[in-house]
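Visitor: dropping the sequence and predicted coords here.
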Amino acid sequence: MLHTKIVDLKKEKILTSNAEKFIKDSKFGASIYFLGTVRNTNVNKKVTGITYDTHDEMVIKSFKDIYNEADKELNIKDKAVFIEHAKGHLKLGEISIIIAVACKHRDQAYVLSRFIIEEIKKRSPIWKKEYYEDQKSEWLIGKKLNK
């Protein structure tokens, strides 16, 4: 089971309750929720907010590819995965990404959650612009796409 979505912050917010509803099933014994949030510093700069921009179709495709690769690489067949990423401006502490996973066992859930976030960071076409206390801003250098 997979749910993927780009959340346009002008229209809605990422809600953990949606993830909880999606992955809840009595056949799973472990659930992990990863929330990426906007922190107040990066590389010794005081951050006041972040804007995310995405290539929506390619991001959703990358999420689906990552999910399918998890089947092959991790051999976790019975799972529920919920992935939503924000698009737009976020203030400090707001949620930029949620990854919720449910598996039969906790070790599977931890491994799967970590695999998904690391692959998203490497491969998904999501761009981040940070805003700083001194009123300056900059697009952050991403990682090279490997697929």
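Guide: Thanks, I have it.
Visitor: which ones are touching Ser99?
Guide: Wrong residue type there; residue 99 is Ile, not Ser. Tyr33, Phe34, Val81, Phe82, Ile83, Ser113, Ile116, Ile117, Ile120 (C-beta atoms under 8 Å, 6 or more residues apart in numbering). To be clear about C-beta, it is placed using only N, CA and C from the backbone, and glycine gets the same treatment.
Visitor: what's the PyMOL syntax to select whichever of those residues are buried?
Guide: Buried residues within the contacts of Ile99, by 16 or more other C-beta atoms under 10 Å, are selected in PyMOL with:
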select buried, resi 33+81+82+83+113+116+117+120
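Visitor: longest strand in this protein, please.
Guide: strand 79-91 (DSSP state E).
Visitor: for that strand, packing partners?
Guide: Identification of packing neighbours for strand 79-91 by 3 or more C-beta pairs under 8 Å, 6 or more residues apart in numbering; DSSP states H and E yields strand 2-8, helix 16-23, strand 45-54, helix 56-74, strand 95-103, helix 106-123.
Visitor: as JSON lines, the ones you listed with distance to Glu130 would be great.
Guide: As requested, these are exported to JSON lines (distance: least, C-beta to C-beta, whole Å):
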{"stretch": "strand 2-8", "distance to Glu130": "19"}
{"stretch": "helix 16-23", "distance to Glu130": "24"}
{"stretch": "strand 45-54", "distance to Glu130": "5"}
{"stretch": "helix 56-74", "distance to Glu130": "19"}
{"stretch": "strand 95-103", "distance to Glu130": "12"}
{"stretch": "helix 106-123", "distance to Glu130": "16"}
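Visitor: determine the set of other helices and strands touching the lowest-mean-pLDDT helix or strand in the chain.
Guide: Within the chain, no helix or strand scores below strand 137-139, which has a mean of 83 by mean pLDDT, DSSP states H and E. Secondary-structure packing of strand 137-139 (3+ C-beta pairs under 8 Å, 6+ apart): strand 126-132.
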